[in-house]
Each structure stands twice: as C-alpha cells, then as structure tokens.
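Chemist: Provided below are the primary sequence and the corresponding predicted coordinates.
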Amino acid sequence: MDQFLNAAIMTLQPEVLGAIGLGSLIGLIFGSIPGLTFTVALALALPLTFNLDSISAIGLLLGTYIGGMTGGSVSAILLGIPGTPSAAATVFDGYPMAKNGRASLALGMAVIVSVFGGIFSLVVMVVAVQLVSKVAITFGPAEIFALVVFGLSTICGMAGRSLLRGLIAGVIGLMLMTIGLDAFDGVQRLTFGSTNMLQGINLLVAMIGLFAVPFVIQVFDEHRRGIKPPAQATDVRAELPSFRLMFANLWLMIRCAFLGTGIGAIPGTGGPIAAFLAYDHAKRFSKEPKTFGRGNIKGVIAPETANNAVTGGTMIPLLALGIPGDPATAIVLAGLQIHGIVPGPALFMTNQTEVYGIYISIVVAYVAILVMQLLGIRLFVHVLRVPPRLMAIVVIVLCGIGAFSVRNSIFDVYTMAIVGLLAYGLIKADIPATPIILGLVLGPILESEFRTAMNLSGGDFAIFYTSPTALVFFALALLIVGLQLSGEFFRKKSKNAAVGTSNA
C-alpha cells in the first residue's frame, strides 16, 4: 500500500501530469491525421524522455500511445478516412453518422467508449496480469494463424449483398500485401522487375488510398456535375450521448472490452483485428443488422471499445514477459529499458512503484484524452462546414504528406493514388471495400504465422489440428461461414419464391 501511495504522489506531480498531457495531445494530433500514426508519434517522443525521470518518461510515452489510439476515430468519423489502422472499422458507421448530421454524437460516443475500454482493460490487467500472461504465452504460430483465419471469416458478415463479391475483395486485399520481398526467403513477388516494388505496399499507405482517393474523386465528380451536398451534411449539432443510450449499450461495451483485452494480450495481433472482430460481433448479434453501414451507433461503439481495450491488453505481455505486441509497444519497451525498468516476472518485485506509476499514468492519460476530445468536439465538427471541394483538396494534400512520411518515399504517394483508383473502380462495380481492408490487415499475419508454424513442425500440418485452441478457432470460422452461406441461400430462395408468386 505504501508503494502505491508513493507512486500516486510521484505521478500526480505537476511535471508528470504535464508530461502525460503533452503526450496525450501529441498522440491525439498524430492519430487524427491520416498517415501520421501514434507509432510515428512515439518514435518522435522517445528522445524527449532522455532527460526526464522515469515516471515522467513513462507518462509521456503512455499518453502518446493512448492519445494516438483514440485520435484515429476523429478523421474516421468526420472524413471517412481512418487516422490509424485500428480506426478502420469505425468508418463504416461513424462517417454515415457524420453525413447525417450526428458527427458530435459519434465523436462523443467514440471517446467515451474508448475511455471505458481502456480503463476496463487496465482493471483486467491489474487483477489478472499473471494469469492472462500465462494464457497468452501459450499462443504459438498455429494458434495465432487459427485466430487470424477466424478473423478473416468475418468477411462473410461484411460482404454486403453478395458473398462472392466479398470474397473477391478479400482476395484482392491478400494479394496486395504479398507484393515485395518474401520476408522468409527473400524471393521477389509481383514486383515486375521494379526496384521500388521490392519494398512492398505499406498497410497505412494502402488504407489511405482506399479511403481518401475515392472520397476526393467522388467530391470533384459531384462538383463537376453540379450536384450539391445534402443539407444535413452541414447541419452540425452539439450532441453528446445520453446516459440512457450508454446504459442501453453497456453489455455490448463490456463484451467488446473483454474481446479487445484478450486480443491485445496475444503478441502479434493488435487493434485492427480486435476492432474488426468487435464490429462483426456487434453486427451479428444485433436485432437490426441491416442498419450497420448506414449510421448505427453500435458500429462506432464496438470497434472503439475493442481497439482501446487493446492498450491494456498489450501491456500484459509487455510488463509480465517483456514481449511487445506491436511496433508501438516495442517503442514503449525501449523507453522503459532506457530508464532502467526491465519488464519480466521480476518487475513486480523489484519495481513495484514504477508498475503502480504505469497504472496511474494510464488512468490519467485517459482522463486527459476524455477532457481534450469532449472540449474539442465543438471545434472538430466544424470541419463539416467546410465546402466539400475545399475539404477534398486539404484531404488529398494531407494524405499525400502522410503517405510520403511513412517511409520517406514518393513511390508510396504513387501507390496511394493507384490503390485509390482501384478502390474507386471496385466501388463502382459494387464490390465492397471492407473485405479488402480486412485482407490488408490480416494478410501479413496470416502468412507469417502459417510459415513459422510450418517451419517449426518441419512441414507437418498436424501442428494445426493437434492444438485444441487452434481447433476451436477453426470450428468457429467454419460455423460463421456456414451460417452466412445458409442465410444467403434462404434469402435467395425466399426472393425467388416471392418473384414466382408475383408472376403467377
């Protein structure tokens, strides 16, 4: 108890609170701008911690991490362009809400459920860090591969009216992520002799192209044809979620928070997987699944709760085992080690004060983000008052800068444009973009874990069906695919029967 009080006194010092607030603001800004992710923000913030004490340094890094994770929803809702990959699923209903004049409600709900998911995962981390870390460490390549297959099965629920078109889109996403050098053997794949293609297609660059370029093309096309934007698109109201609305969705928030925490505790997964699984879960168990993609508030609640619950989940293997779950937590790990804090089983005995400081810093960071975003909603929503053609110019400039900054490569800007043109053509062909995103996000993990598992087993496929955990995920994937196929079959059968009746 004394060590917790000491940690609280140290963390609540003005300089530490200032560091957490600064980190939260930096993360929020970087997370809100497509292309400038919180991983970039953490890389830039790390040198700032060199002259700080350990508690202030930890607070700055954690504030940046948490601020970036929550900030991705701002551009996802207002512009339909996710600021981070973890916010991609938020676009599906958040952006339609903004177009319907409910941007402030979507933003307010997003930040509130983000804080809920983050604090919830922190509580789970504090209570069960040792137990959860032991379970998470049992996930080898075969189990993670099965988990990703289960994640890919959600394509069925996001395929729209045609499962075949959804599968085509998913395969396109998987194919895009195979371009470049093979990470295992160094073999060139789909490079067509181009040196630039050797670096492959960056996930963030591809996502910017998928969301931003079609938006810009559509805006200028409508302006050319003299089509005016709908009046409700600029009808900005200061509207925050009511307690009744939040209470009605409390059980969904709890389920998605558990899901996000569990996914985050598995190294190598992360926010995008948690967000897509949560979105599919909310849609699948909704009484009105057809309203998803048209501005259903549950489509904002589920992914935002889950991807922020990942922040606490990723800290479990990081602190208990010293294993970072993604590039962002790898930078946090480096910051801890720079200040003499070595994560691992002994951390909770040798550095208890610092551990409690981490817990308190996470709470403070979420409080800071809650205040910043709630106060900023009135400012954020004024983006919708900007004429669409001017907004399109700003968006394409920012996205071009963001795409270039990912790897300082002009080739990435060209890639963004080409992927965007492809996405626009697919949208016109009535092929959904959502499965493409899922293929982009999960494709590299799917391949990496499959090949790692095969290397470990010496080419023996038994590694996949001798693991009870893997078999559970495979069974769930088959169940989802089977339910979707049977549902589509019965829909077509009832439609044909209705047509036959009307003809008679």
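Modeler: On my side now, so go ahead.
Chemist: May I have the residues that are in contact with Leu440?
Modeler: Contacts of Leu440 were listed using CB atoms under 8 Å, 6 or more residues apart in numbering, and they are 173, 176-177, 203, 206-207, 210. Placement of C-beta: from N, CA and C, glycine included.
Chemist: Mind giving me the packing neighbours of the strand or helix carrying Ala365?
Modeler: With the criterion set as DSSP states H and E, the secondary-structure element containing Ala365 is helix 352-380. Under the contact criterion of 3 or more CB pairs under 8 Å, 6 or more residues apart in numbering; DSSP states H and E, helix 352-380 touches helix 2-11, helix 14-32, helix 54-78, helix 103-137, helix 298-321, helix 347-350.
Chemist: relative to helix 54-78, how tilted is the fifth one?
Modeler: Okay, so that is helix 298-321. With axes from the mean of the first three to the mean of the last three CA atoms, to 10 degrees applied, the angle from helix 298-321 to helix 54-78 works out at 160 degrees.
Chemist: And the next helix or strand past helix 298-321?
Modeler: Sequence-wise, the next helix or strand downstream of helix 298-321 (DSSP H and E) is helix 327-338.
Chemist: Put the alpha carbons of that next one into PDB.
Modeler: Listed in PDB are the C-alpha atoms of helix 327-338, where the atom choice follows Å, rounded to 0.1, in the frame of the first residue of the first chain:
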ATOM      1  CA  PRO A 327       5.700  -1.700 -33.000                       C
ATOM      2  CA  ALA A 328       4.100   0.900 -30.700                       C
ATOM      3  CA  THR A 329       4.600  -1.200 -27.600                       C
ATOM      4  CA  ALA A 330       8.100  -2.000 -28.800                       C
ATOM      5  CA  ILE A 331       9.000   1.700 -28.500                       C
ATOM      6  CA  VAL A 332       7.400   1.800 -25.100                       C
ATOM      7  CA  LEU A 333       9.500  -1.200 -24.100                       C
ATOM      8  CA  ALA A 334      12.600   0.700 -25.300                       C
ATOM      9  CA  GLY A 335      11.600   3.700 -23.200                       C
ATOM     10  CA  LEU A 336      11.200   1.500 -20.100                       C
ATOM     11  CA  GLN A 337      14.600  -0.100 -20.600                       C
ATOM     12  CA  ILE A 338      16.300   3.300 -21.200                       C
END
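Chemist: tell me the mean pLDDT for that helix?
Modeler: When pLDDT is averaged along helix 327-338, the result is 76.
Chemist: Kindly report the same for stretch 166-173.
Modeler: Across stretch 166-173, the per-residue pLDDT values average to 81.
Chemist: ok now it, how far from the chain's centre?
Modeler: 19 Å (CA atoms, centre = their mean, to the nearest Å).
Chemist: so which helix or strand takes in the closest residue to Gly293 other than its chain neighbours?
Modeler: Closest residue to Gly293 apart from its sequence neighbours, by CB to CB, 6 or more residues apart in numbering: Phe92 at 5.2 Å. Secondary structure assignment for Phe92, by DSSP H and E: helix 91-99.
Chemist: ok, back up a step: any chance of the helices and strands packed on helix 352-380 in JSON lines, plus mean neighbour count and distance to Phe215?
Modeler: Listed next are the helices and strands packed on helix 352-380 as JSON lines, based on neighbours: other CB atoms under 10 Å; distance: least, CB to CB, whole Å:
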{"stretch": "helix 2-11", "mean neighbour count": "15", "distance to Phe215": "42"}
{"stretch": "helix 14-32", "mean neighbour count": "23", "distance to Phe215": "16"}
{"stretch": "helix 54-78", "mean neighbour count": "29", "distance to Phe215": "11"}
{"stretch": "helix 103-137", "mean neighbour count": "22", "distance to Phe215": "15"}
{"stretch": "helix 298-321", "mean neighbour count": "30", "distance to Phe215": "19"}
{"stretch": "helix 347-350", "mean neighbour count": "14", "distance to Phe215": "46"}
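Chemist: Looking at those, spot the one closest to Ala334.
Modeler: Ala334 lies closest to helix 54-78 among the helices and strands packed on helix 352-380, at 9.2 Å (CB to CB).
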